[in-house]
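K.L.:
Sequence first, then the predicted structure:
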Amino acid sequence: MIAVQTLYQECQDLLRTYQGGYLSNDEFNRLVNQAQNYLFKTLLEDSSVDRYTNESLSPFRKEATIAKSSGIYTTPTDFAEIREVAVEFILPSGETEYRPCYLITDLGLTMTSPIRKPTKTSFGYTKDVSFKIYPSSNVRMFLKYFSKPVQAERKVAYSGDSESYTSTGTVNLEWNETDKSMVLDMMLFYAGVAANMPDIANWIQLRNSFVQSENKDYKK
């Protein structure tokens, strides 16, 4: 976790040092979320990043077991990207077995293919807003996914013309403490500050050449 108050103090110190500037609380809240959302999206889309092992993404690797409702499997509210889909299959003995579930890209062709057709040994799924699993069965879906970063917010209390930080209602960042400098540098970039700018500018420029992950579980 990264405490927003610590990030706020370090950001203001650097702004004064490099630019003589200052961020209002509202500006800070806007920039910190702009920075973390960009970093999250970039790490997921950068083909050089192993999304399965990258430590920066560890706070966002989640799991959920989802029951079917009205024929579909609804994604968690914090769902961002698929990591892996499986089916929780109950054996006649009562034991639970997790069976693979693969993405169906052409439903019509797949369902009529004697080779590719999903079975209760190897299920298939489609996803639009929600998931559907084939062959249709009253099974539960086991979903490994990346969650959206919680929107951070630094709260302040007002007394006359002055404001002071309050932990009540404050939402810290889920990122690892070791990633604080990465988030801070990105905020400073958006704020127009030149701290560490050559490295950051090059990294941002390379963003345009990133190729979306070819991992089999990648799907918008």
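P.N.:
Sure thing, it's come through.

K.L.:
drop to CA atoms for contacts and neighbour counts, all remaining ones
P.N.:
Noted.

K.L.:
domains for this protein, by residue range?
P.N.:
Domain assignment of the chain by automatic domain parsing yields the ranges 4-54+150-209, 59-147.

K.L.:
Strands of this protein, start to end?
P.N.:
When secondary structure is read from DSSP state E, the chain shows strands at 61-66, 79-90, 96-103, 123-127, 131-134, 140-147, 153-159, 162-171.

K.L.:
Output those as a markdown table; include the columns mean neighbour count, mean pLDDT and distance to Gln36.
P.N.:
Compiled in a markdown table, the strands of the chain are given as follows (neighbours: other Cα atoms under 10 Å; pLDDT from 0 to 100; distance: least, Cα to Cα, whole Å):
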| stretch | mean neighbour count | mean pLDDT | distance to Gln36 |
| --- | --- | --- | --- |
| strand 61-66 | 15 | 96 | 16 |
| strand 79-90 | 19 | 93 | 14 |
| strand 96-103 | 16 | 92 | 29 |
| strand 123-127 | 21 | 92 | 26 |
| strand 131-134 | 20 | 94 | 28 |
| strand 140-147 | 21 | 95 | 13 |
| strand 153-159 | 15 | 95 | 12 |
| strand 162-171 | 12 | 95 | 13 |
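
K.L.:
May I see these arranged in TSV, with distance to Arg116 as well?
P.N.:
Converted to TSV, these look like this (distance: least, Cα to Cα, whole Å):
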stretch	distance to Arg116
strand 61-66	25
strand 79-90	17
strand 96-103	10
strand 123-127	9
strand 131-134	12
strand 140-147	20
strand 153-159	48
strand 162-171	47
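
K.L.:
number of nearby residues for Thr178?
P.N.:
Taking other Cα atoms under 10 Å as the criterion, the count of residues near Thr178 is 12.

K.L.:
do you know how far it is from Val4?
P.N.:
Here Thr178 is placed at a distance of 14 Å from Val4 (Cα to Cα, to the nearest Å).

K.L.:
now Ser167
P.N.:
Counting by Cα to Cα, the gap from Ser167 to Val4 is 10 Å.

K.L.:
Which residues are in contact with Arg16?
P.N.:
Residues touching Arg16, when contacts are defined by Cα atoms under 8 Å, 6 or more residues apart in numbering, comprise Tyr22.

K.L.:
To clarify, my last question referred to Ser56.
P.N.:
Counting by Cα under 8 Å, 6+ apart, Ser56 makes contact with 175-176, 179.

K.L.:
Report the buried members of the residues you listed.
P.N.:
When neighbours are counted using 16 or more other Cα atoms under 10 Å, the contacts of Ser56 contain these buried positions: Trp175.

K.L.:
now Ala152, nearest residue through space, not along the chain?
P.N.:
Using Cα to Cα, 6 or more residues apart in numbering and skipping the chain neighbours, the partner closest in space to Ala152 is Val171 (4.9 Å).

K.L.:
correct me, but that neighbour touches Pro149?
P.N.:
No. Taking contact to mean Cα atoms under 8 Å, the distance of 11.2 Å between Val171 and Pro149 leaves them out of contact.

K.L.:
Next up, the contacts around the residue nearest to Ala152.
P.N.:
Val171 sits next to 4, 151-154 when contact means Cα under 8 Å, 6+ apart.
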